[in-house]
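Structure of the sequence below:
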Amino acid sequence: MVLPALMLFVAVVLIPLAMTVLLSFNDWGQYKGIEQVFILKNWREIWEDDYFLEMFLRTFRIAVLATLITALLGAPEAYILNRMQGRWKGFFLLVILGPLLISVVARTLGWALLFGGANGVVNKALMSLGVIGAPIPFMFTEAGVVVALAHVMMPFMVLSVWAALQRVDPQIENAAMSLGAGHATILRRIVLPQIMPGILSGAIIVFSLSASAFATPSIIGGRRLKVAATLAYDEFLNTLNWPLGAAVAVLLLVALVLIVVGSNALIERRYAEVFR
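You can find the predicted model right below:
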């Protein structure tokens, strides 16, 4: 019964990945195109050029900041959602899930319309009221990309933490309160350790999707602020240097796998009792 799914996985995932890895070792020239030889030219170029190091550092810095923002805002939001009763819980759950039904491009363009220079709705309103003298720098900045990515990824964090809260017995909080524990102590010593698996899984999802995101960094960051995904896109479709684009894509994939697996192992070791 597993064989059809395994064959589909091999056909749609493993074979394209293997072809991409092989492509990264090919040569390319402006006039000769792609030459199917086995060389380390593309990998050596990535290793020796500081531009690629800066681009990858920017990619992971943006992903880490977006993950932190979603964790700091999404975990309390999920906790409040879990404490709601009746139809209000269903309504706000719909509010959280609603953005997932809208294209990422549309949601990102919304931020561009709000803060897109002097013609952005928010910037224009604040300047007309005299609150600010110049438009808030949002477009083509790391801060803008982080904010837009955090907004796009927030539902994944909220849903992960909310799913973990479903397994927490609410009577435990009442018991702790009856023994004299304050709200801050209950949240820190009782609720937080139990929902850590949800925060961890949400952080892994948000970090992975943020580091490999294309639409949001492309719209907000533009050509001035490249990340790994936009660089690979440009190499494939603009300069037509497919081998170099494949090398960037493979390096991003390998780095993401190592970071996610390593952080997962460290956190599971730290919260071993929770994961049992």
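
Could you point out which residue ranges in the protein have low pLDDT?
Scanning the chain for pLDDT under 70 picks out the ranges 270-276.

80 instead, please
The chain contains residues with pLDDT under 80 at 1, 29-35, 84-90, 116-120, 130-135, 167-194, 223-224, 263-276.

what's the single longest helix in it?
Longest helix of the chain, by residue count under DSSP state H: helix 50-83.

how far does stretch 156-175 sit from the chain's center?
Counting by Cα atoms, centre = their mean, to the nearest Å, stretch 156-175 is centred 23 Å from the centre of its parent chain.

for Phe115, what are its contacts?
122-123, 135-136, 138-139, 144 (Cβ atoms under 8 Å, 6 or more residues apart in numbering). Heads up, the C-betas are built off the backbone N, CA and C, glycines and all.

Ignoring the adjacent residues along the chain, who's closest to it?
Nearest non-adjacent residue to Phe115, counting by Cβ to Cβ, 6 or more residues apart in numbering: Phe138, 3.6 Å away.

Can you classify the one you found as helix, strand or coil?
Three-state assignment for Phe138 (DSSP: H, G, I helix; E, B strand; the rest coil): coil.

what's the burial count for it?
Neighbour count for Phe138, taken as other Cβ atoms under 10 Å: 21.

What separation is there between it and Leu100?
Distance, Phe138 to Leu100, by Cβ to Cβ, to the nearest Å: 24 Å.

Ala232 is in contact with Ser218, correct?
No: between Ser218 and Ala232 there is no contact under Cβ atoms under 8 Å: 11.5 Å.

More neighbours: these two, which one.
With neighbours defined as other Cβ under 10 Å, Ser218 and Ala232 compare such that Ala232 has more, 23 against 20.

So which residues of the stretch 51-200 of the chain form strands?
Assigned by DSSP state E, counting those that start in this stretch, the stretch 51-200 of the chain shows no strands.

Can you show me the helices along it?
86-97, 104-115, 121-128, 142-165, 170-178, 183-186, 192-211 (DSSP state H, counting those that start in this stretch).

Give me whichever of those is most buried.
helix 142-165 (a mean of 23; mean count of other Cβ atoms under 10 Å).

In terms of secondary structure, what does that helix contact?
Helix 142-165 sits against helix 50-83, helix 86-97, helix 104-115, helix 192-211, helix 215-216, with contacts defined as 3 or more Cβ pairs under 8 Å, 6 or more residues apart in numbering; DSSP states H and E.

ok, and what's touching the fourth one?
Put plainly, it is helix 192-211. Applying Cβ under 8 Å, 6+ apart, the set of residues contacting helix 192-211 is 59-60, 62-64, 66-67, 70-71, 74-75, 78-79, 149, 153, 156-165, 167-168, 228, 252, 256, 259-260, 263-264, 267-268, 271, 273-275.

Let's see that with 7 Å instead.
The contact list for helix 192-211, computed with Cβ atoms under 7 Å, 6 or more residues apart in numbering, reads 59-60, 62-63, 66-67, 70-71, 74-75, 149, 153, 156-157, 160-161, 163-165, 168, 256, 260, 264, 267, 271, 274-275.

Repeat that for the second one.
Defining contact as Cβ under 7 Å, 6+ apart, one finds that helix 86-97 is touched by 81, 84, 155, 158.

could I get those as CSV with distance to Gln36?
Formatted as CSV, those follow (distance: Cβ to Cβ, whole Å):
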residue, distance to Gln36
Leu81, 54
Met84, 59
Pro155, 43
Val158, 47
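
farthest pair in the residues you listed?
Met84 and Pro155 (16.6 Å; Cβ to Cβ).

circling back to that earlier point, and the angle for the longest helix of the chain with helix 170-178?
80 degrees (axes from the mean of the first three to the mean of the last three Cα atoms, to 10 degrees).

Run a quick neighbour tally on Leu3.
7.

For it, give its distance to Ile62.
To Ile62, Leu3 is 41 Å away according to Cβ to Cβ.

Repeat that for Met7.
Distance from Met7 to Ile62, by Cβ to Cβ: 37 Å.

From the centroid of this structure, which residue is nearest?
Ser210 (2.2 Å; Cα atoms, centre = their mean).

Distance-wise, check it relative to His151.
Distance, Ser210 to His151, using Cβ to Cβ: 11 Å.

Next: Trp162.
18 Å.

try Pro243
Pro243 sits 35 Å away from His151, taking Cβ to Cβ as the criterion.
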